[in-house]
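**Q** Quick one, structure for this:
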Amino acid sequence: MQNSRGRRRAAGPASVPRVAEVVAVDRPRDPQRDARRRRGPFRQITDYAAASGLGQKAGIALAATGLVLTVTLPATGTVMATPEAGQTALAASVTQPEISAEAAAKIDFSRSSVVTAGDPDGKLKQLLSAQSAGSITRAASAGTLGAPLAHLVTASPFGYRVSPITGGSGDFHRGQDFVAQCGTSVLAAASGTVTFAGWHQFGGGNRVVVDHGNGLETTYNHLSSFNVKVGQTVSRGDVVALSGTTGASTGCHLHFEVQVNGEVVDPMGWL
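**A** Purely as a prediction, here's the structure:
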């Protein structure tokens, strides 16, 4: 049989395509495998990281993407990251050892060995306990004594000078004179014990002497009055007297001395 173009078409029934036969194989159900299939890809990654020992590195990387991750690390605790926090936090589960003491145990909170810039009396005490005042260098002693007046203005320095009373040269000035109106509060330069409070017969007028230990003493002279007595303990900054012009004086001021083993030294080496 020919078609209109002259080609010959085969006679007989048309061929039927063959259909491949599919045989279903029954496999036993695995609940864990089914659960893994239902998990998303990121959840599978985190499970793998936790199981393979990559917990900490994987946790940090996945926490940065905003995912919730829980990884258990051996003997360290649990690392958890939340989208709100944006960073990891370690919840350590290490048991702290118990510390106990006897019922009668004494605890000493003394600060006697602590010396700071804010504790000048402690610095002076440590300096004097380590050596006698006579062997302390000027560099070490500077700043260890407090100012005997609230405001220090020098009127006449320590050492040789022209005498304001006689006018003669070569007069040795035993202390440092500071400007002070009569009645100005005179302050203890450091903690110590008053060893003299009275009239000084060699020109000091009303005079107070404070012993600071280890050969160091300070004296306050030409006072109008004083309010301490011999044997009294004073602290740095306590008002020991009021300034004046008693004794060999040409006007109201404070004559301040520092004595080391009974010998006067330049007070500015200690202030």
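**Q** Under the pLDDT cut-off, which ranges of the stretch 1-150 of the chain? List them.
**A** Low-confidence segments of the stretch 1-150 of the chain (pLDDT under 70): 1-29, 34-97, 99, 101, 106-117.
**Q** make it 90
**A** Filtered on pLDDT under 90, the stretch 1-150 of the chain yields the residue ranges 1-123, 125-140.
**Q** residues near the nearest residue to A142 once chain neighbours are set aside, how many?
**A** Once flanking residues are discounted, A142 sits nearest to G269: 6.5 Å by CB to CB, 6 or more residues apart in numbering. (Glycine included, C-beta is placed from N, CA and C.) By other CB atoms under 10 Å, 18 other residues sit near G269.
**Q** in its sheet, what does the top strand by length along the chain sit against?
**A** Taking DSSP state E as the criterion, the chain has its longest strand at strand 216-226. Strand pairing for strand 216-226, using DSSP bridges, gives strand 205-213 (antiparallel), strand 239-243 (antiparallel), strand 253-260 (antiparallel).
**Q** pLDDT (mean, whole number) over the following helix or strand past it?
**A** Scanning forward in sequence from strand 216-226 by DSSP states H and E, the next helix or strand is strand 233-234. Throughout strand 233-234, pLDDT has a mean value of 97.
**Q** strand partners of strand 233-234, parallel vs antiparallel please.
**A** Take DSSP bridges as the rule and strand 233-234 pairs in its sheet with strand 192-200 (antiparallel).
**Q** What segments of the protein are helices?
**A** 31-38, 41-52, 55-63, 120-130, 138-141 (DSSP state H).
**Q** can you give me the strands in the stretch 51-200 of the chain?
**A** Secondary structure of the stretch 51-200 of the chain by DSSP state E, counting those that start in this stretch: the strands cover 69-73, 77-81, 88-92, 154-156, 159-161, 171-173, 176-179, 185-187, 192-200.
**Q** can you give me the mean pLDDT across the fifth one?
**A** Strand 159-161 shows an average pLDDT of 87 in the prediction.
**Q** Pull out the buried residues from that strand.
**A** For strand 159-161, a neighbour-count test (16 or more other CB atoms under 10 Å) marks nothing as buried.
**Q** Show residues contacting it.
**A** Strand 159-161 is contacted by residues G170, D171, F172, H173, D266 when judged by CB atoms under 8 Å, 6 or more residues apart in numbering.
**Q** What subset of those residues is buried?
**A** By 16+ other CB under 10 Å, the contacts of strand 159-161 give H173 as buried.
**Q** coming back round to it: hmm, the residue nearest to A142 is touching S141, no?
**A** Yes: the pair G269 and S141 qualifies as a contact (CB atoms under 8 Å) at a distance of 5.7 Å.
**Q** before we move on, back to that, closest one to G118 among the strands paired with strand 216-226?
**A** Minimum separation from G118 across the strands paired with strand 216-226 (CB to CB) falls at strand 205-213, 19.1 Å.
**Q** Can you give the contact residues for that closest one?
**A** Counting by CB under 8 Å, 6+ apart, 124-125, 128, 186, 188-200, 217-226, 228, 234, 240-241, 244-249 sit against strand 205-213.
**Q** Could you export it as CSV, CA atoms only?
**A** Extracted in CSV, the C-alpha atoms of strand 205-213 (Å, rounded to 0.1, in the frame of the first residue of the first chain):
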residue,chain,number,x,y,z
GLY,A,205,58.3,82.0,121.9
ASN,A,206,55.3,79.7,122.4
ARG,A,207,56.6,76.4,120.9
VAL,A,208,55.2,72.9,120.3
VAL,A,209,57.4,69.8,119.5
VAL,A,210,56.0,66.6,118.0
ASP,A,211,58.1,63.4,118.0
HIS,A,212,57.4,61.1,115.0
GLY,A,213,59.7,58.3,116.0
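**Q** now that strand against helix 120-130, angle please.
**A** Orientation check (axes from the mean of the first three to the mean of the last three CA atoms, to 10 degrees): strand 205-213 against helix 120-130 gives 70 degrees.
**Q** buried sites along strand 205-213?
**A** The neighbour-count check on strand 205-213 (16+ other CB under 10 Å) flags G205, N206, R207, V208, V209, V210, H212 as buried.
**Q** Out of these, the closest to G134 would be?
**A** Set against G134, the nearest of the buried residues of strand 205-213 by CB to CB is H212 (13.5 Å).
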